[in-house]
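Peer 1: Got a predicted structure here, sequence first:
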Amino acid sequence: MSPLADVFRMAGPRAIFDVTVFALGCAVGSFLNVCIYRMPRDRSVISPPSHCPQCGARLGAVDLAPLLSFLALGRKCRHCGGAISWRYFVVELMTGLVFVVVWETCGFGLQQLPYLIFAGVVIAVIFTDLDHMIIPDKLVVAALVAALLSGAIVAATGRVPLRCCPVDLPAHLTALVRFAAGGLMGFGLFVGIRGFSQLLFRREGMGFGDVKLAGAIGAMLGPGLALLSFALAIVAGAVLGLALLGLRLRRRMEYLPFGPFLAASALVTLVAPEALRAAAQDAYVRWLSMFGL
């Protein structure tokens, strides 16, 4: 028996499966890099084939192996020697790790497919908004498709796709109520926040892409978990914004994209809803105790 076979035998089926899911996630991350680069530029993510953005040379298999090509080529284009952004490696690695976490925390089976799609979409949102200050409508639509697919699975199988997101309604009502109530709540809440910020600051405090993304997140998570996700995003955004101001790394009126906070918080809520609930309840109790209540 070869040394590699010995490693797989000792690792066990679960570890082998995790490695497979990680590799799949890295491959999806490679595609997400294409989306992040092309979608804000209104370019097709299918054609033309992958090429170096600096010299235009078409990339082959040796250039496109997730993670490995980046490391083997020394972060440089094989054709022109131009530097390759670390973002490509980070997105591939992050997607691979997130896929493993989703499968490990949410159970195994095809019913988890909508959550993997949603995880990929929010990763793309994070880096697209950071790079270009925009959330393409195509990504929002993809998130809504994931939510619809999740609802269809609930209606067809009678089982909620996530063990960690239980509901008490019958399956045929769960799909409709979770999608509609969550989507309307997320969209309406952030329409109100956007309008209030415009009245308060006399300038746009939030892009409409954030509003549409909030609606998609609500449709996916349902109203209860979506509210937790939004609260986490607001707190994280406020803390980071104040920290950047305190360190003089950001001016007072400089725009800080909110999409990455919405997307990252939705991802955390997706894989750890019970931990987030417990943390929120603990924070609320501590806040009340400050006033002797």
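Peer 2: Cool, the structure landed. Numbering: from 1, shown residues only.
Peer 1: Poorly predicted segments of this protein, please.
Peer 2: Scanning the chain for pLDDT under 70 picks out 1-13, 107-110, 157-175, 201, 203-205, 249-254, 292-293.
Peer 1: Where does the record place the domain boundaries for it?
Peer 2: 1-106, 133-293 (automatic domain parsing).
Peer 1: Most tightly packed of those?
Peer 2: domain 133-293 (a mean of 17; mean count of other C-beta atoms under 10 Å). Every residue, glycine included, has its C-beta placed from N, CA and C.
Peer 1: how about the helices in the stretch 1-150 of the chain?
Peer 2: 3-38, 61-64, 68-72, 86-106, 113-132, 137-157 (DSSP state H, counting those that start in this stretch).
Peer 1: Quick one: residues contacting the spatially most central residue of the chain.
Peer 2: Nearest to the mean C-alpha position of the chain, by C-alpha atoms, centre = their mean, lies residue 122 at 2.4 Å. Contact analysis of residue 122 by C-beta atoms under 8 Å, 6 or more residues apart in numbering lists 143, 263, 264, 266, 267.
Peer 1: Can you lay out these as TSV showing distance to residue 38 and secondary structure?
Peer 2: Below are the contacts of residue 122 laid out as TSV (distance: C-beta to C-beta, whole Å; DSSP: H, G, I helix; E, B strand; the rest coil):
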residue	distance to residue 38	secondary structure
143	18	helix
263	19	helix
264	22	helix
266	23	helix
267	22	helix
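Peer 1: Most widely separated two among the residues you listed?
Peer 2: Maximum pairwise distance in the contacts of residue 122, criterion C-beta to C-beta, is 13.9 Å, between 143 and 264.
Peer 1: Of the domains of the chain, which is nearest residue 127?
Peer 2: So among the domains of the chain, domain 1-106 is nearest, using C-beta to C-beta, at 4.9 Å.
Peer 1: Tell me which of the helices of the stretch 1-150 of the chain sits nearest to residue 288.
Peer 2: Among the helices of the stretch 1-150 of the chain, helix 86-106 sits nearest to residue 288 (C-beta to C-beta), with 30.2 Å.
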